[in-house]
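J.: give me a 3D structure for the following:
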Amino acid sequence: MNKVNINQKLALFEEHWNPKIVGELNGQHVKLAKLKGEFVWHTHDKEDELFYVISGNLKIEFKDHTVNLGPNEFIIIPRGVEHKPVAKDEVSVMLFEPASTVNTGNTKSNFTKEDLETL
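T.: Modelled structure (predicted):
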């Protein structure tokens, strides 16, 4: 049982779209990531995912609408829903996802990260 300081963990990396594992519970990973620019359209067929914005402003685009998130706001994206995160400026997020979740879901791209670093 170790305390995790989110700001200290975020200070350990600078790259964008490369989530880092900072905790595990009940088959779920708690991840931190820095986002900037546009991600790829993708779907997670078997997993829901939660985006919690720590700092910055994040847009989650869906095929029929867009949700804007600011600090201390989160969204749960149900499995099977196609989406694309967009961050005009750098955004820090916490993600809660099953350990099996690949960040780009059903879409393979240069953004795909399958072996995540644990901080």
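
J.: next, the residue at minimal distance from the centre of the chain: phi, psi?
T.: Closest to where the C-alpha atoms of the chain average out (Cα atoms, centre = their mean) is Leu95, at 4.6 Å. Leu95 adopts backbone torsions of phi -120, psi 140, taken as degrees, to the nearest 10.

J.: tell me which residues touch the spatially closest residue to it that is not a sequence neighbour, please.
T.: In this structure, Leu95 finds its nearest non-sequential neighbour in Lys31, 4.2 Å apart by Cβ to Cβ, 6 or more residues apart in numbering. For glycine as for every other residue, the C-beta is placed from the backbone atoms N, C-alpha and C. For Lys31, the contacting residues are 19-22, 94-97, 116, by Cβ atoms under 8 Å, 6 or more residues apart in numbering.

J.: hang on, Lys31 in a strand?
T.: Yes: counting by DSSP: H, G, I helix; E, B strand; the rest coil, Lys31 is part of a strand.

J.: give me the beta-bridge partners of it?
T.: Beta-bridge pairing for Lys31 (DSSP bridges): Ile21, Leu95.

J.: so what pLDDT did it get?
T.: With respect to pLDDT, Lys31 scores 93.

J.: could you do the one 4 residues further on as well?
T.: At Leu35 the predicted local confidence, pLDDT, stands at 96.

J.: part of a helix, is it?
T.: No: the assignment for Leu35, made by three-state DSSP, is strand rather than a helix.

J.: contact partners for it?
T.: 16-17, 56, 58, 85, 87, 90-93.
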